[in-house]
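Student: Build me a model from this:
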Amino acid sequence: MNKTFVHEDLNAVIRQHSEWLANQLHSQRESLFPPDAEKTMRKFTSGEAASLLGVNDSYLRKLNLDGKGPSPELTAGNRRLYSAQDIQALRVLLEKTARKPGDYIPGRRDGDHLQVIGVMNFKGGSGKTTTSAHLAQRLALRGYRVLGIDLDPQASFTALHGVQPELDLEDGGTLYDAIRYEDPDPIRQVIRKTYIPNLDLIPGNLELMEFEHDTPRALAQGNAGLFFFRVKEALAQVDEDYDVVVIDCPPQLGFLTMSALSAATGVLVTIHPEMLDVMSMSQFLRMTADLMDVIAESGADMSHDWMRYVLTRYEPQDAPQNRIVAFLRTMYGEAVLNSPMLKSTAISDAGLTKQTLYEVERSAFTRSTYDRAIESLNTLNDEIAELIQQTWGRT
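Tutor: Numbering: from 1, shown residues only. Here you go, the predicted structure:
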């Protein structure tokens, strides 16, 4: 029996599949968030609000009874719910009578430099975007002024924050606009407010790849200058507006990543503790060092405040993973953060609706599953916040 094969151009097949997927994702987004709707942050229980502020729940209740600060929403069961805006207003109120500056608004003071944290790895599935998004949101909820930058053309960080890259950014609006070689825009033109107080966003999409294409051309023509400083120079325009910048870097060591490394004051490398991932990281580190040598030879100061490894998708009951974690801790010591990000169905399920775990209600999951995952995230992100405070000389 003869079979007739119909040959198709691979580019046509890929383009068709891309359009099918984009249309389906758009339909899904419209069902979750209609065109006239905006993504919003959930309300926080009084216990969650008190924890974020670092006070007792009873003290929050007393403030409410005394008529101080915003009035929380009361549920049918007489539970108090606070919006993220309410929590920020309470921060401002409490800071006025704080025992020492920074008790409730922990950001920069005179002499503190902007913290720029690059989150990177070129191995897919290492949890880079999950780490970036939860870190940016946690810091913002704790009172830091945060700018999240999506430098990954795949733009998952952008999608998590309610912007659909292929539909909402048709006329630009990424960091590329501010770092391109011809007629760059002021960086403020691409910064968007988010639905979380203290968290602004520079979204990403495939347009970022233009920088990878433009740079070799500019270098050949002698027009690139110190190209790896372009992100740093763009950020200098908004230095006073933020305490922390979190950059979700591309999953490859190209010109964008080199520029992010040159701008960073701190670097987080995500590691999934599996042998193939660790072997891949070995190559990643070697290539990164080679690239940074090239940058340093051009006269750049490549000193950083800190570099840390983040264990992601960690399963405590997995014996091989535990052996690899012990191996990494023995080799790198305190460079491996104490707090791992646990593998959790709660985190992955939240991602199905383009949300972080901070955005979903506890009731959406089994309580023990949610509590275990959120404790893991909070402990990890608060350890990074402690690093930031140490860099500013406060602990």
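
Student: Grab the longest helix from this structure for me.
Tutor: If you go by DSSP state H, the chain has its longest helix at helix 367-391.

Student: Could you double-check that residue 52 sits in contact with residue 141?
Tutor: Yes. Using CB atoms under 8 Å, residue 52 is in contact with residue 141, at 5.6 Å. Where you see a C-beta, it was placed from the backbone N, CA and C, and this is true even at glycine.

Student: what touches both of those two?
Tutor: By the contact definition CB atoms under 8 Å, 6 or more residues apart in numbering, residue 52 and residue 141 are jointly contacted by residue 87.

Student: okay, the two: which has more neighbours?
Tutor: A count of neighbours by other CB atoms under 10 Å puts residue 141 above the other of residue 52 and residue 141, at 25 against 20.

Student: Just the helices from the stretch 151-300 of the chain, written as ranges.
Tutor: Applying DSSP state H, counting those that start in this stretch to the stretch 151-300 of the chain gives helices spanning 156-160, 165-168, 176-179, 209-221, 230-236, 255-263, 275-297.

Student: among those, which is nearest residue 128?
Tutor: helix 156-160 (8.9 Å; CB to CB).

Student: What about the closest residue to residue 244 other than its chain neighbours, how many residues nearby?
Tutor: Once flanking residues are discounted, residue 244 sits nearest to residue 115: 4.6 Å by CB to CB, 6 or more residues apart in numbering. Residues lying near residue 115 (other CB under 10 Å) number 27.

Student: repeat for residue 306
Tutor: Counted with other CB under 10 Å, residue 306 comes out at 17.

Student: That one contacts residue 387, doesn't it?
Tutor: Yes. The criterion here is CB under 8 Å, and residue 306 meets it with residue 387 at 5.8 Å.

Student: Overlap in contacts, those two.
Tutor: With CB under 8 Å, 6+ apart, residue 306 and residue 387 have common neighbours residue 266.

Student: Looks like residue 239 contacts residue 115 (just checking).
Tutor: No. The criterion here is CB under 8 Å, and residue 239 misses it with residue 115 at 11.1 Å.

Student: so where's the stretch 201-350 of the chain uncertain?
Tutor: Applying pLDDT under 70 to the stretch 201-350 of the chain flags the ranges 224.

Student: Just give me the residue right at the centre of the protein.
Tutor: residue 132 (2.4 Å; CA atoms, centre = their mean).

Student: Now residue 81: which helix or strand?
Tutor: strand 80-82 (DSSP states H and E).

Student: who touches residue 257 in this structure?
Tutor: Residue 257 neighbours (CB under 8 Å, 6+ apart): 120, 151, 249, 250, 291.

Student: and what of residue 303?
Tutor: So residue 303 contacts nothing (CB under 8 Å, 6+ apart).

Student: ditto for residue 157
Tutor: 129, 132, 133, 148, 150, 204, 248.

Student: Out of the residues you listed, who's the most crowded?
Tutor: Greatest neighbour count in the contacts of residue 157, by other CB under 10 Å, goes to residue 150: 31 neighbours.

Student: Apart from its chain neighbours, what residue comes closest to that one?
Tutor: In this structure, residue 150 finds its nearest non-sequential neighbour in residue 204, 3.3 Å apart by CB to CB, 6+ apart.

Student: quick one: that neighbour and residue 159 touch, right?
Tutor: No. Counting by CB under 8 Å, residue 204 does not reach residue 159; the two are 9.6 Å apart.
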